[in-house]
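Colleague: Model the following, please.
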Amino acid sequence: MSKCLKYRFLGVTVAAIILSSWAAADAQQQNIVWYTSNQEADTFQISTAAQLAGLARLVNDDKIGFKGKTIVLANDINLTGYGVGTQFNKGLGWIPIGYSEGFAGNFDGNGKTIRGFSYTNVPMVFPQ
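Modeller: Next comes the predicted model:
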């Protein structure tokens, strides 16, 4: 095997490891059990950053709009671990809820605070 081919193979392997570690980090940081354990409920409580990230995943990726449903913020949430430069979302930071599909439910902030929010402003294509 040539030296150039060895380096190229090593580069591809390293890239695959990095991407799979990002995917694993994202999966660990996106809790959807609060929804999947009782999908017929009208009201859901979110109390952690992982659950809020799970809401983003359900709305954006799984195309669940939560029409007629209410999401209640049960605790203050710190999104610092989901910011730019972290392992979450390939280091791009928070993924806005509803960036690809709309959130059609009600979000009750319940007097709580979400802080530590950061994301990279990358071009997004919104559905027409």
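
Colleague: For this structure, give me the ranges with low pLDDT.
Modeller: 1-28, 83-89, 92-93, 119-128 (pLDDT under 70).

Colleague: hmm, try it at 50
Modeller: Residues of the chain that meet the criterion pLDDT under 50 lie in 4-27, 124-128.

Colleague: would you put the C-alpha positions of stretch 94-107 in CSV?
Modeller: Taking C-alpha atoms only, stretch 94-107 is exported to CSV below (Å, rounded to 0.1, in the frame of the first residue of the first chain):
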residue,chain,number,x,y,z
TRP,A,94,-28.3,24.0,19.3
ILE,A,95,-30.7,22.9,16.6
PRO,A,96,-33.7,25.3,16.5
ILE,A,97,-37.0,23.6,17.2
GLY,A,98,-39.1,23.8,14.0
TYR,A,99,-36.4,24.8,11.6
SER,A,100,-37.4,22.2,9.0
GLU,A,101,-41.0,21.4,10.1
GLY,A,102,-43.3,23.7,12.1
PHE,A,103,-44.1,23.3,15.8
ALA,A,104,-47.9,23.4,15.9
GLY,A,105,-48.4,22.8,19.6
ASN,A,106,-48.5,25.2,22.6
PHE,A,107,-45.3,25.8,24.5
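
Colleague: For the chain, which segments are assigned as helices?
Modeller: Using DSSP state H, the helices of the chain run over 3-28, 33-36, 49-60.

Colleague: Specify the beta-bridge partners of Phe44.
Modeller: Going by DSSP bridges, Phe44 is paired in beta bridges with Ile71.

Colleague: For it, give its distance to Lys69.
Modeller: Noted for Phe44: a distance of 7 Å to Lys69, by C-beta to C-beta, to the nearest Å. For the C-beta atoms, the positions are set from N, CA and C on the backbone; glycine is no exception.
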